[in-house]
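# Can you look at this prediction? I've put the sequence above it.
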Amino acid sequence: MTERQNNIVAAIIMLTVPMVYFYGVYQWKLHQFSAIKDEIEKGSKVYFICYSSAFYMVASVVFLMSRFWWLKLVSSSVSSICAVILYEEIRYGNRQWTHWSYWLIIIVSFNYFIYYCIIERYKKEVNNVG
């Protein structure tokens, strides 16, 4: 890819992160004063999921841009934790903080380890070509 294409992709990624968060804020604000209790709960769940998704995406972008091993370790750990929290929130809803699927944590962590190994290999190949 050319430098211009890389910049366009980076700009799209950087715009996507806050837009996901702002969507969650919009949904929360929209449902916050509803007379229907389920609507209030729905808005807060969407807000939490969007907040965690934005945090997850920021960590992924930091990983993609980082060159130091310690920054890669921190950002990949943060995105893995956010992914587990997202999966747990979707699966368990209100019981999320009282019931955890430890198998899910192991599977997601292993999945992200493979994911970041693939990204690192791709980054090395791209850097060697250019």
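Okay, I see it.
# From here on, just use CA atoms for contacts and neighbour counts.
Will do.
# Rounded mean pLDDT for the one helix or strand residue 44 maps to, please.
Taking DSSP states H and E as the definition, residue 44 sits inside helix 37-65. Per-residue pLDDT over helix 37-65 has a mean of 76.
# tell me which strands and helices the helix or strand of the chain with the lowest mean pLDDT is in contact with?
Ranking every helix and strand in the chain by mean pLDDT, DSSP states H and E puts helix 3-31 at the bottom, with a mean of 74. Secondary-structure packing of helix 3-31 (3 or more Cα pairs under 8 Å, 6 or more residues apart in numbering; DSSP states H and E): helix 37-65.
# Quick test: name the residue nearest the centre of the protein.
residue 56 (2.2 Å; Cα atoms, centre = their mean).
# which residue packs closest to that one, ignoring adjacent ones?
Excluding the flanking residues, the one nearest residue 56 by Cα to Cα, 6 or more residues apart in numbering is residue 79, at 4.6 Å.
# right, and that neighbour touches residue 57 too?
Yes - proximity of residue 79 to residue 57 meets the contact threshold set by Cα atoms under 8 Å, at 7.2 Å.
# contacting residues for residue 85?
Contacts for residue 85 were tallied using Cα atoms under 8 Å, 6 or more residues apart in numbering; they are residue 52.
# which SS class is it?
At residue 85 the chain is in helix, as set by DSSP: H, G, I helix; E, B strand; the rest coil.
# Residue 100 now?
Residue 100 ends up coil, using three-state DSSP.
# And it, how close does it get to residue 89?
10 Å (Cα to Cα, to the nearest Å).
# tell me the phi and psi of the residue nearest to residue 56?
phi -70, psi -30 (degrees, to the nearest 10).
# hmm, back to that, what helices or strands is the helix holding residue 44 leaning on?
Helix 37-65 packs on helix 3-31, helix 69-92, going by 3+ Cα pairs under 8 Å, 6+ apart.
# could you check the angle helix 69-92 makes with that helix?
160 degrees (axes from the mean of the first three to the mean of the last three Cα atoms, to 10 degrees).
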